[in-house]
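Chemist: only geometry, no sequence info:
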Ligand SMILES: [Fe+2]
Ligand SMILES: [Fe+2]
């Protein structure tokens, strides 16, 4: 599959996850969906930033690329807030903001950035294999040592990792990082 088609499919997947999140109450199900969305978008954004946006900068200009990077930053902030507010009454408002921000960004990618890339850099895009890129960016991801033990435990809980309550902080970090 070509890389653009793959990224567009991932946009649909993220939208579906956000729709499913909208109907959740505080609890494990919601936490799992937030973790799944965060993980899917971390990989998606890393692929775009490392492999696609350098071509965007060259072919469509620095301004377009900077705008896309800024929007990724906003999405990351929004996802962090969803995680923080997972059990709070403000969760729905935070989710609406994340959805709106991502919808804006996705619209620009699919209606402006991607079509222009296909028009001006088709040959370079053909050299990018999405599965290979995914393996590359995931290989580079390491346990996040800045998280507190409680935060790591919460992630381990969402991922239903067995034996989590007896784990040290380092063990939790390892377990969380190596769980898909
Ligand atoms: Fe993007
Ligand atoms: Fe994207």
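Modeler: Yep, that arrived. Since the model is a prediction, treat every value here as computed from it, not as a measurement. Ligands and ions are numbered 1, 2, ... in the order given.

Chemist: As a check, name the ranges of all helices in this structure.
Modeler: 3-22, 28-47, 53-60, 62-84, 91-108, 114-120, 122-126, 130-139, 149-158, 169-177 (DSSP state H).

Chemist: contacts for the first one?
Modeler: Okay, so that is helix 3-22. Contacts with helix 3-22, where a contact means CB atoms under 8 Å, 6 or more residues apart in numbering, come from 30, 33-34, 36-37, 40-41, 44, 47-48, 51-52, 82, 92, 95, 98-99, 102-103, 106, 109-110, 114, 117-118, 125, 128-130, 133. Bear in mind the C-beta positions are built from the backbone N, C-alpha and C, glycine included.

Chemist: With mean pLDDT as added columns, please give the helices of the chain in CSV.
Modeler: Converted to CSV, the helices of the chain look like this (pLDDT from 0 to 100):
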stretch, mean pLDDT
helix 3-22, 97
helix 28-47, 96
helix 53-60, 96
helix 62-84, 97
helix 91-108, 98
helix 114-120, 97
helix 122-126, 95
helix 130-139, 90
helix 149-158, 88
helix 169-177, 85
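
Chemist: if we can go back for a sec, select only the buried ones of the contacts of helix 3-22 in ChimeraX?
Modeler: Under the burial definition 16 or more other CB atoms under 10 Å, those of these that qualify are selected in ChimeraX by:
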select :30,33,34,36,37,41,44,47,48,51,52,82,95,98,99,102,106,109,114,117,125,128,130,133
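
Chemist: For the most centrally placed residue in the chain, give its distance to residue 101.
Modeler: For the chain, residue 41 is the residue whose C-alpha lies nearest the centre (CA atoms, centre = their mean; 1.3 Å). Residue 41 sits at a distance of 11 Å from residue 101 (criterion: CB to CB, to the nearest Å).
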